[in-house]
Every structure is written in structure tokens, then in C-alpha cells.
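Peer 1: Fold the following.
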Amino acid sequence: MLISASRRTDIPNYYSDWFLNRIREGFVLVRNPMNFRQISKIKLTPDVVDGIVFWTKNPAPILDRLPELEDYMYYFQFTLTPYGKDIEPNIPEKSQVLKVFKRLSDMIGPDRVIWRYDPILINGRYTVDYHLRAFEEMAGKLRDYTRKVTISFVDENYRGVKHNMRKLALSPFPVEMQINLASRLAEIAQSCGLAIDACAEKIDLQHLGIEPARCIDGRLFEKLLGCHLNVGRDKNQRPECGCAASIDVGMYNTCFNGCLYCYANYNPRLVARNFTRHNPHSPLLIGEAGSGDVITEREAGSCKDMQMRLGGI
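Peer 2: Modelled structure (predicted):
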């Protein structure tokens, strides 16, 4: 079983105490985002959790506590963009975040820290030329601290993006422009020795050397674990998503990063209200289970296949 922590919120930044308490107790409760009263109880012990993917823009709060995860394999999807406080209001200065990125990489290795330069949006300030300059500078600084960069283009159809459309003041960004920009980003990445892929993009960029991303990557876990995993594609994601099946332990509208392009946290008032109900010792990220809730234990098991295979994994 693979755990996503989390596409829905920045657990390393805001909820690391809670998550490590859940690891210590060996289980977590997660509400169904489509049916609030349905709760899944998910086992989190090392015998069933094959890997954890952390999604974050600032993992500083969890770094000193990573030894508590010594019985687990994990890696980070680390978003580091060139946007300022106008787009990402609650992210620390990027020079500071860059230092955190390097420290994390020094701690766990560059294979386990994936750089996300996404989503890419265009407006009056953040132009194509701006992105090219910023990407080249950042790639040069990160080349020894990661093996891969993942890009994507902002999707205006997401609810959160639609809600913040005026604030984003997006400029037209036709497919031809996206392809041309992607081509130049690929050249920069490759010149820095970085692989580059694209997250859930409908346009085919493989001719540019940009593969479809697998952000929750069974192949990477196989490499890190040294064994085969019997894990299929996540059928609950968009058709373009290449991620392996996983269980997400986060909750929407609980992240304080405040990024205007975010699809998962689009209601600041609800975010603030949810946070007041957070108890780091509760099995649930937000609130407590009540009398009207139905808790179902989710089937969980390791996907490891320890049989020897000719030619390796």
C-alpha cells in the first residue's frame, strides 16, 4: 500500500505532529470527501505501508523528525516556484525554501526529492521570459540536489482556480505557447542533468523529451525498496494521471499556504475554521468522529513481491 500525504494539503508544513502521531499509533481515520459521514480506518504500520509520498512547499517543520520514519520508505514531491506573495502569500522567501530543499536532499538523497515547478501560469508579471530566467536559475542551484523536475500548466477549469481568476489575471496561454515553453524548459533541464516530466497534461510532450509524470511512482519505490510492487494505476485520478494507486490521508480546505492556483484549498474562511478544529492527537486530521459517522476499516496489505526475477526488478 502506498500513502499520499497529501495532494489535498501540506502535511509536512502544517500537520507533521499529527502525522507522526498517526505513525506512532499505527492507524489514521480519513473522511470521504464525497460523503462526510463515511470514514475509513487505514492501517499505517510498516508491514502494510510500502511507501509514503509527501507533497509540500515547505517541509522545514518535519525535517528534524524524519528519524521517526526510519521504518518506512518515503520521498518528497517538493514544489518550488518563482512566484511571489501575490500568488503564494504564505510561503517563506524562496531563498529560505531553497536552503530547506538542499538540506532535505542532503538528509535523504537527491533521488527522494522531486522538484515540482508547477503549475506554470502566465500573466503580466510572470511572462514566458520570466519563467525561462527563473527556471534556469533554479535548475542551476538544484542540479546537485534532485534528479528530476516535474512541470504542469495551470488548469483554469478547477474550482479553486476559477474562484481566483481575477486575482491571477491570467494571460492567454494557447497550446502552441505551452509547447514552445516546454521545449525550452526541457533544454534547460537536460543541460543541468535533470530528467523532466509533465503532470497530467493532455498535450503530448514526449517528442521534447518530457515524459508523462507518475508523481506517485511505483517504479521509483521499486528502485528504492529493491523489490517489485504489485500496484496498478490510480483509477480515481484524471485520465492523464500516471500515478500508482494510493490512499490519501489529507483533507481539502485545510492548507494555509494560500496559493491562488490551488484546486484543493479554495475557501480561506473554511481553512481557518477547519484549523481551529485540528487536534494533533485525533485520529482525524480535522475534528473528531461523532455518533453519526460510519467508520469502516479499509483493507490494507503490502504490495511487495519478494520473488527473485531474472534481470532484476
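Peer 1: Chain neighbours aside, what residue packs nearest to the most centrally placed residue in the chain?
Peer 2: Central residue of the chain (Cα atoms, centre = their mean): residue 55, 3.1 Å from the mean position. In space, residue 55 comes closest to residue 77 once its chain neighbours are excluded; the distance is 4.7 Å by Cβ to Cβ, 6 or more residues apart in numbering. The C-beta positions use only the backbone N, C-alpha and C, and glycine is treated the same way.
Peer 1: before we move on, which element is the residue nearest to the centre of the chain in?
Peer 2: Residue 55 is part of strand 51-56 when elements are defined by DSSP states H and E.
Peer 1: which other residues reach that strand?
Peer 2: With contacts defined as Cβ atoms under 8 Å, 6 or more residues apart in numbering, strand 51-56 is touched by 2-7, 10-13, 62, 69, 72-79, 215-216, 221, 224-225, 246.
Peer 1: export whatever helix or strand the residue nearest to residue 55 lives in as CSV, just CAs?
Peer 2: If you go by DSSP H and E, residue 77 is part of strand 74-79. The C-alpha trace of strand 74-79 is given here as CSV (Å, rounded to 0.1, in the frame of the first residue of the first chain):
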residue,chain,number,x,y,z
TYR,A,74,9.3,7.7,1.5
TYR,A,75,10.1,10.5,-0.9
PHE,A,76,9.0,14.1,-1.3
GLN,A,77,7.2,16.0,-4.1
PHE,A,78,8.6,19.4,-3.3
THR,A,79,7.0,22.4,-5.1
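Peer 1: neighbouring strands for it, and are they parallel or not?
Peer 2: strand 51-56 (parallel), strand 113-120 (parallel) (DSSP bridges).
Peer 1: I figured residue 87 hits residue 259, correct?
Peer 2: Yes: between residue 87 and residue 259 there is a contact under Cβ atoms under 8 Å: 6.6 Å.
Peer 1: Determine the residues that are contacts of both of the two.
Peer 2: With Cβ under 8 Å, 6+ apart as the test, residue 87 and residue 259 reach no residue in common.
Peer 1: Now do the residue nearest to residue 55 against residue 231, distance only.
Peer 2: Distance, residue 77 to residue 231, using Cβ to Cβ, to the nearest Å: 17 Å.
Peer 1: between those two, which one's more packed in?
Peer 2: residue 77 (23 against 20; other Cβ atoms under 10 Å).
Peer 1: who's the more buried one bridged to?
Peer 2: residue 55, residue 114.
Peer 1: which residues sit in contact with it?
Peer 2: With contact set as Cβ under 8 Å, 6+ apart, residue 77 has these partners: 53, 54, 55, 56, 114, 116, 150, 215.
Peer 1: please redo it, this time with the cut-off set to 10 Å
Peer 2: By Cβ atoms under 10 Å, 6 or more residues apart in numbering, the contact list for residue 77 reads 4-5, 7, 53-57, 113-116, 118, 150, 199, 213, 215-217.
Peer 1: what pLDDT, on average, does stretch 176-184 get?
Peer 2: In this model, stretch 176-184 has an average pLDDT of 98.
Peer 1: Can you give the distance from that stretch to the centre of its chain?
Peer 2: 24 Å (Cα atoms, centre = their mean, to the nearest Å).
Peer 1: Numbering from 310 from now on, please.
Peer 2: Renumbered: residue one is now 310, and that last one reads stretch 485-493.
Peer 1: Please identify the buried residues of that stretch?
Peer 2: By 16 or more other Cβ atoms under 10 Å, the buried positions in stretch 485-493 come out as 487, 490, 491.
Peer 1: Next, give phi and psi for the last one.
Peer 2: The main-chain torsion angles of residue 491 are listed as degrees, to the nearest 10 and equal phi -60, psi -40.
Peer 1: distance of it from residue 512?
Peer 2: Distance from residue 491 to residue 512, by Cβ to Cβ: 8 Å.
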